[in-house]
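Colleague: predicted model follows, preceded by the sequence.
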Amino acid sequence: MQISSEEMAGGITRVALDGRMDIAGAAAVDLKMNLIAGTAAKLLIDLQKVEFLGSMGLRSIVLPARAVKSRGGKVVLFAPNEMVESVLKTAGIDTLIPIHHNLDAAVAALQ
Amino acid sequence: MGQAATMHAMNPSIDPPPPPLLTLQSQIEDLALVWPWAEALAARYAVPPDTQFAIHLCLEEALSNIVRHGYRNQSNQSIAVACTVERAPSGVAELVFTIDDHAPHFDPLTPSQVAPAPAPATLAELEPGGQGIRLIRKFASRIHYQQLPNGNRLTLAFPLPS
């Protein structure tokens, strides 16, 4: 499981996840996700390269998102594949963190 | 990684092949053994990627629930996962995973477990670790629970390509 981040225009922090967000994958990214969430005000979580998402992986997304939102920030999820999106919807995440498949729309939702 | 974790590989020369069995210690670290084992079985039966995803998800959710809630993180307990190919009542061939544990009885299919919880209104209300049963019910094509004299048996089935 790989994680990288970059600062985009408009004060947006884009964090890209790559790999399987299973128990081991979630453990591998938790610390960095929490560090990023500790300072980000507008967080775009890029799920394009996430091949798998289980409930421990959900936790690795939800807890940082909760931290950002608790400070008045915004979070969006970007481009999950069909199965990952199905997990997000089954867990009800999509009603709390918007999912976008178009980058411009994702960026606009953070403004 | 648990020393008791063992793998019994299928022998394709025997017909029908013996059911493969994976025995785990009840610790989260051992769950890393499950997907490589299940993935190899899925590849053997040409299981499509979406069904592989569903198998990975359901096994991880079921087994982590057993470790965390059934055994309450006591690492000296065992969990056995068997894989068989069976024919569903509908006639569809299925890859079937049977999970046996010795934890206190817990039926994930009781009405109180099955009833959909109200959707959380805020992220603060969302319990991110509490989605396992909901995910299993969504992604497994067939689920069966059996109370054993000293434990539980959960059976999860997934369709095989025709």
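Modeller: Looks like it arrived, so ask away. Residues are numbered from 1 along each chain as shown, chains lettered A, B, ... in the order given.
Colleague: in this structure B:W35 contacts A:D22, no?
Modeller: Yes - contact criterion Cβ atoms under 8 Å: B:W35 and A:D22 qualify, at 6.8 Å. From N, CA and C alone the C-beta is placed, and that goes for glycine too.
Colleague: what do the two both touch?
Modeller: Residues touching both B:W35 and A:D22 (Cβ atoms under 8 Å, 6 or more residues apart in numbering or on different chains): B:56, B:60.
Colleague: those two - which one has more neighbours?
Modeller: A:D22 (26 against 20; other Cβ atoms under 10 Å in any protein chain shown).
Colleague: for that one, which non-adjacent residue is spatially closest?
Modeller: Leaving aside its sequence neighbours, A:D22 sits nearest to A:G54 (Cβ to Cβ, 6 or more residues apart in numbering or on different chains; 5.2 Å).
Colleague: okay, now the sheet partners of the host helix or strand of A:I45, with direction.
Modeller: Secondary structure assigned from DSSP states H and E places A:I45 in strand A:42-53. With DSSP bridges as the test, strand A:42-53 is paired with strand A:12-21 (parallel), strand A:74-78 (parallel).
Colleague: for B:I143, identify the helix or strand it belongs to.
Modeller: Using DSSP H and E, the element containing B:I143 is strand B:142-148.
Colleague: what's downstream of that strand, the next helix or strand?
Modeller: Once strand B:142-148 ends, the next helix or strand along the chain (criterion: DSSP H and E) is strand B:151-159.
Colleague: mind giving me the packing neighbours of that following strand?
Modeller: helix B:49-65, strand B:93-101, strand B:142-148 (3 or more Cβ pairs under 8 Å, 6 or more residues apart in numbering or on different chains; DSSP states H and E).
Colleague: so for the last one, what gets flagged as buried?
Modeller: So that's strand B:142-148. By 16 or more other Cβ atoms under 10 Å in any protein chain shown, the buried positions in strand B:142-148 come out as B:142-143.
Colleague: try the second one
Modeller: Judged by neighbour count using 16+ other Cβ under 10 Å, the buried positions of strand B:93-101 are B:94-101.
Colleague: what's next to that strand, contact-wise?
Modeller: Here strand B:93-101 makes contact (Cβ under 8 Å, 6+ apart) with B:26, B:38, B:41-42, B:45, B:47, B:55, B:58-59, B:62-63, B:66, B:70-71, B:77-88, B:141-142, B:148, B:151-160, B:162.
Colleague: so the residue nearest to A:D22 touches B:C58, yeah?
Modeller: No - here A:G54 does not reach B:C58: they are 9.4 Å apart, not a contact under Cβ under 8 Å.
Colleague: next, show the common contact partners of these two.
Modeller: Shared contacts of A:G54 and B:C58, defined by Cβ under 8 Å, 6+ apart, comprise B:L135.
Colleague: show me the contacts for the residue most central in space within chain A.
Modeller: Central residue of chain A (Cα atoms, centre = their mean): A:I45, 3.0 Å from the mean position. Contact analysis of A:I45 by Cβ under 8 Å, 6+ apart lists A:15, A:17, A:61, A:65, A:75-78.
Colleague: closest to chain B out of those residues?
Modeller: Using Cβ to the nearest Cβ, A:A65 is the member of the contacts of A:I45 that sits closest to chain B, with 6.1 Å.
Colleague: please name the residues that touch that closest one.
Modeller: A:A65 makes contacts with A:37, A:43, A:45, A:75, A:96-97, B:123, as judged by Cβ under 8 Å, 6+ apart.
Colleague: ok, and the most crowded of those?
Modeller: Result: A:I45 is most packed of the contacts of A:A65 (other Cβ under 10 Å), 28 neighbours.
Colleague: one step back: now list the buried members of the contacts of strand B:93-101.
Modeller: Buried among the contacts of strand B:93-101 by 16+ other Cβ under 10 Å: B:26, B:38, B:41-42, B:47, B:55, B:58-59, B:62-63, B:66, B:70-71, B:77-79, B:81-84, B:141-142, B:151-152, B:154-160.
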